[in-house]
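Novice: Pasting the sequence and the predicted coordinates here, then a few questions.
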Amino acid sequence: MKIGILMTGHPPDTLLEDGLYDTYFERLLDGHGFGFEGWPVCDGIFPDTVEAADGWLITGSKHGAYEDHDWIPPLEDFIRAAHAARRPMIGVCFGHQIIAQAMGGRVEKFAGGWAIGRTEYNIAGQTMAVNAWHQDQVVMKPDSAEVFASNAFCENAGLVYGDRMWTIQPHPEYGSDFIDGLIRTRGKALVPPALLEDACQRLDQPTDRMAVADMMAAFFKKERA
């Protein structure tokens, strides 16, 4: 099964030695038998058609889904086209948000502030820890979506749209090393110091990122009519 990865941003320059965001998901989903191809849609480079891959994954980004970028409207069109063509799609962080927006939901810069580092969620009835890095949230889910992950800070942390789309707000592709890198680079200019320090204190605590990866792989592989 070929997974097309739509990159909606790039890592900070100081963290590029580990690759672009498609590489992070290739490592996360390694061992599940997938092939991969990446398209940097944030640079205006899109697949020719939704049939270019068997399933699609939209990455995180430093950008907001509600911002005025030339590549956002065609990305929303692509999301709706993939949904209509019954091509399974997964969205992570920005990917989670842009899918919700394309499908009729609303994304905002959350008044409650940031979620940074290891964060616990109720995911499908289980308490699971995943690394987070966001202020924007889906504040109104689309009518077609059901919530499968949430916590007190982020009500719509995971959304599923039947058997066509599965999206999650935190970052299973981020290990503690990348969160540490973000704290040292982008975080200093954006996030209150107390939140960064608290996240630093949790860097060595385990997460359930690989269990979430298994959920993602199972969604791509599930039987569909």
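Specialist: Great, that's in hand. Keep in mind that this is a model prediction, so the values were computed, not measured. Residues are numbered from 1 along each chain as shown.
Novice: Show me what the residue nearest the centre of the chain bridges to in the sheet.
Specialist: The centroid of the chain falls nearest to Val92 when counting by C-alpha atoms, centre = their mean (1.0 Å). Here Val92 sits in beta bridges with Ile168, going by DSSP bridges.
Novice: what pLDDT does it get?
Specialist: pLDDT, Val92: 98.
Novice: Repeat that for the one 4 residues further on.
Specialist: Each residue has a pLDDT score; the one for His96 is 98.
Novice: For the closest residue to it other than its chain neighbours, give me its contacts.
Specialist: Residue nearest to His96 in three dimensions, not counting chain neighbours: Thr167, with 3.8 Å by C-beta to C-beta, 6 or more residues apart in numbering. To be clear about C-beta, it is placed using only N, CA and C from the backbone, and glycine gets the same treatment. Thr167 is in contact with Ile90, Gly91, Val92, Gly95, His96, Ile99, Ala100, Gly158, Leu159, Val160, Tyr161, counting by C-beta atoms under 8 Å, 6 or more residues apart in numbering.
Novice: Just the closest of those to Asp143, please.
Specialist: Relative to Asp143, the closest of those is Tyr161; by C-beta to C-beta it sits at 10.1 Å.
Novice: Can you find the helix or strand of the chain with the lowest average pLDDT?
Specialist: Ranked by mean pLDDT, DSSP states H and E, the weakest helix or strand in the chain is helix 187-190, scoring a mean of 86.
Novice: Thank you, goodbye.
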